[in-house]
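S.K.: dropping the sequence and predicted coords here.
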Amino acid sequence: MKKYLMAISTALLVGGTTSAQTIAFEEYTLDNGLHVVLHQDHDAPVVVTSVMYHVGSKDENPNKTGFAHFFEHLLFEGTKNIGRGEWFKIVSSNGGVNNANTSDDRTYYYEVFPSNNLELGLWMESERLLHPVINQVGVDTQTKVIIEEKNTRYDNQPYGMIIAKVKENLFEKHPYRWTTIGSVEHLNSATLDDFKDFNTKFYIPNNAVLVVAGDFEKKQAKEWIQKYFGVIPSGTPIKRKTFVEEPITKTIKATYEDPNIQIPMLVTSYRTPSMKSRDARVLDLISAYLSDGKSSKLYKKIVDDKKKALQIGAVGFSQEDYGMYIVYGLPMQGFTAEDLLQEIDEEIIKIQTELISEKDYLKLQNQFENQYVNDNSSLEGIAENLARYYLLYGDIHLINNEKDIYRSITREEIRTVAQKYLNPNQRLILDYIPAKEVNQN
């Protein structure tokens with residue numbers, strides 16, 4: 001993901017802060033379908049303007065992948081009223097920062113300004129939506145940027161293809177099977193009309209949520225929002241396809257040879273349910289218990305105590321339709337990926353057959369309580385969470401209520417959910433190994 005960071009004071013970056021208290025907000029919808037969320041915080045003279053669009057890599061044509069991520073870059077090229085290359089100059093010269101990022105499910109843009117520049121932030125985001133300039137110069141420029149990003153982060157990065165290889169083996173039907181960055185070949189073969197059609201379909205007010213958070217007056221903010229966004233016409237409602245994966249009932253085995261590594265890596269992954277489900281939240285607790293940090297069960301056992309691995313870790317992907325729980329490890333000399341897998345399975349079996357201790361359970365609860373506070377400790381975090389809960393979860397009140405769901409999860413549920421999802425016949429085992437040397441003779 002491309003990050004656009006401009007010079008700004010530390011205080012401005014941090015913005016307002018919050019403790020584990022209720023996040024107050026107001027929400028309403030414009031006539032064109034744009035949902036608006038307002039969160040006031042007068043603690044610091046800072047305001048965040050952000051727009052999240054319900055479009056990610058899963059919404060792409062399988063023969064034209066990478067478009068959602070491409071637009072994250074392309075829509076900084078300029079608009080009818082913002083010249084090419086001027087976007088970042090405008091932001092920085094007004095004391096602000098901006099950024100954007102893309103996932104499989106959504107694309108997110110935001111600016112952080114001194115509060116006296118709220119109107120500027122709203123105007124700029126409305127320009128991105130109403131007057132984007134999509135021309136061949138911009139497409140060619142950003143294609144070069146994407147190629148460089150892909151080379152740096154995926155193709156030439158040690159272990160850079162793990163997520164890509166897990167996804168293509170774990171999913172058969174769902175668009176989650178390709179990476180967010182997509183295919184350079186698809187971008188190179190796309191026409192200018194392909195990009196314009198993608199913009200027309202997905203970058204519409206009725207496929208987005210606007211969040212304003214920070215130090216502002218609601219009456220004035222609402223007037224500016226109506227002025228700049230209310231005039232934008234609605235787009236054609238999006239008809240989304242539903243992709244259902246068959247349950248995994250037999251271990252999937254795959255191999256990938258990485259030319260950038262010397263030490264093989266154990267990679268195993270389980271497909272998990274939608275992040276909106278209760279089971280997904282239980283699996284979050286299980287993931288933290290097993291593999292979150294150096295105090296986790298797997299790290300203490302395999303790295304610290306038995307010294308069988310240089311590293312043990314995990315990545316949990318919480319997504320709108322399905323998730324992934326990926327466990328990985330680098331074996332020490334004298335041990336193999338199979339040795340690490342055996343140790344991991346022993347710990348999973350313990351969770352499936354025994355209740356975790358009250359002490360560990362309390363630690364998990366405290367851990368997630370702290371995570372909630374951290375996630376909502378800045379205006380940027382609050383703005384993104386308000387957008388995410390509304391757009392992807394369909395329940396904006398989760399910004400205050402989700403912590404109660406985690407608190408209500410019992411030790412018995414942890415055992416039951418581990419039994420349901422974390423079995424050997426329900427996973428992918430990826431043999432991630434160094435590329436074999438090519439004999440030049």
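M.R.: Nice, thanks for sending it over.
S.K.: so residue 321 sits against residue 173, correct?
M.R.: No - in this structure, residue 321 is not within contact of residue 173 by CB atoms under 8 Å, at 10.8 Å. In short, each C-beta sits where N, CA and C put it, glycine included.
S.K.: which residue is the nearest non-sequential neighbour of the residue nearest the centre of the chain?
M.R.: With distances taken as CA atoms, centre = their mean, the residue of the chain nearest its centroid is residue 103 (4.7 Å). Nearest non-adjacent residue to residue 103, counting by CB to CB, 6 or more residues apart in numbering: residue 56, 5.2 Å away.
S.K.: and the one you found, what does it touch?
M.R.: 68, 102, 103, 104, 105, 106, 107, 180 (CB atoms under 8 Å, 6 or more residues apart in numbering).
S.K.: can you pull the phi/psi pair for it?
M.R.: phi -140, psi -170 (degrees, to the nearest 10).
S.K.: if I look at it, how far off is residue 323?
M.R.: From residue 56 over to residue 323 the distance is 14 Å, taken as CB to CB, to the nearest Å.
S.K.: same check, this time on residue 401
M.R.: For residue 401, the distance to residue 323 - CB to CB - is 20 Å.
S.K.: between these two, who's got more neighbours?
M.R.: Higher neighbour count among residue 401 and residue 323: residue 323, with 23 against 12, using other CB atoms under 10 Å.
S.K.: wouldn't the more buried one be in contact with residue 277 here?
M.R.: No - using CB under 8 Å, residue 323 is not in contact with residue 277, being 9.1 Å away.
S.K.: residue 382 should be in a strand, yeah?
M.R.: No - per DSSP: H, G, I helix; E, B strand; the rest coil, residue 382 lies outside any strand segment and is helix.
S.K.: tally of neighbours for it?
M.R.: By the measure other CB under 10 Å, the count of residues near residue 382 is 26.
S.K.: could you do residue 38 as well?
M.R.: 20.
S.K.: element containing it?
M.R.: Per DSSP states H and E: residue 38 is located in strand 35-40.
S.K.: roughly how far does residue 38 sit from residue 166?
M.R.: Residue 38 sits 39 Å away from residue 166, taking CB to CB as the criterion.
S.K.: only C-alpha atoms, please: export stretch 139-150 in PDB.
M.R.: The C-alpha trace of stretch 139-150 is given here as PDB (Å, rounded to 0.1, in the frame of the first residue of the first chain):
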ATOM      1  CA  VAL A 139      -2.600   5.300 -15.700                       C
ATOM      2  CA  ASP A 140       0.900   4.900 -17.200                       C
ATOM      3  CA  THR A 141       2.500   6.700 -14.200                       C
ATOM      4  CA  GLN A 142       0.800   4.600 -11.600                       C
ATOM      5  CA  THR A 143       1.300   1.400 -13.400                       C
ATOM      6  CA  LYS A 144       5.100   2.000 -13.000                       C
ATOM      7  CA  VAL A 145       4.500   2.700  -9.300                       C
ATOM      8  CA  ILE A 146       2.600  -0.600  -8.900                       C
ATOM      9  CA  ILE A 147       5.300  -2.600 -10.700                       C
ATOM     10  CA  GLU A 148       7.900  -1.200  -8.400                       C
ATOM     11  CA  GLU A 149       5.800  -1.900  -5.300                       C
ATOM     12  CA  LYS A 150       5.100  -5.400  -6.400                       C
END
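S.K.: only the buried residues of that stretch, if you could.
M.R.: In terms of neighbour count (16 or more other CB atoms under 10 Å), stretch 139-150 has its buried residues at 139, 142, 143, 146, 149, 150.
S.K.: ok, stretch 284-298 next?
M.R.: Buried residues in stretch 284-298, defined by neighbour count with 16+ other CB under 10 Å: 284, 285, 286, 287, 288, 289, 290, 291, 292, 296, 297, 298.
S.K.: same thing with stretch 34-54?
M.R.: 34-41, 44-54.
S.K.: so how far is that stretch from its chain's centroid?
M.R.: The chain centre lies 19 Å from the centre of stretch 34-54; the measure is CA atoms, centre = their mean, to the nearest Å.
S.K.: start and end of it, how far apart?
M.R.: Its first and final residues considered, stretch 34-54 spans 12 Å by CA to CA, to the nearest Å.
S.K.: average pLDDT across the helix or strand residue 124 falls within?
M.R.: Using DSSP H and E, residue 124 maps to helix 118-130. Here helix 118-130 scores 98 as its mean pLDDT.
S.K.: check which helices and strands it sits against.
M.R.: Contacts defined by 3 or more CB pairs under 8 Å, 6 or more residues apart in numbering; DSSP states H and E place helix 118-130 against strand 46-53, helix 87-93, strand 107-114, strand 208-214, helix 218-229.
S.K.: with just CA atoms, put it into PDB.
M.R.: Below are the C-alpha coordinates for helix 118-130, written out as PDB (Å, rounded to 0.1, in the frame of the first residue of the first chain):
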ATOM      1  CA  LEU A 118     -12.300  21.200   7.600                       C
ATOM      2  CA  GLU A 119     -13.900  22.700   4.500                       C
ATOM      3  CA  LEU A 120     -10.700  22.100   2.500                       C
ATOM      4  CA  GLY A 121     -10.700  18.400   3.500                       C
ATOM      5  CA  LEU A 122     -14.400  18.000   2.600                       C
ATOM      6  CA  TRP A 123     -13.900  19.800  -0.700                       C
ATOM      7  CA  MET A 124     -10.900  17.600  -1.700                       C
ATOM      8  CA  GLU A 125     -12.700  14.300  -0.900                       C
ATOM      9  CA  SER A 126     -15.700  15.500  -2.800                       C
ATOM     10  CA  GLU A 127     -13.400  16.400  -5.800                       C
ATOM     11  CA  ARG A 128     -12.000  12.900  -5.700                       C
ATOM     12  CA  LEU A 129     -15.600  11.500  -6.000                       C
ATOM     13  CA  LEU A 130     -17.100  14.000  -8.400                       C
END
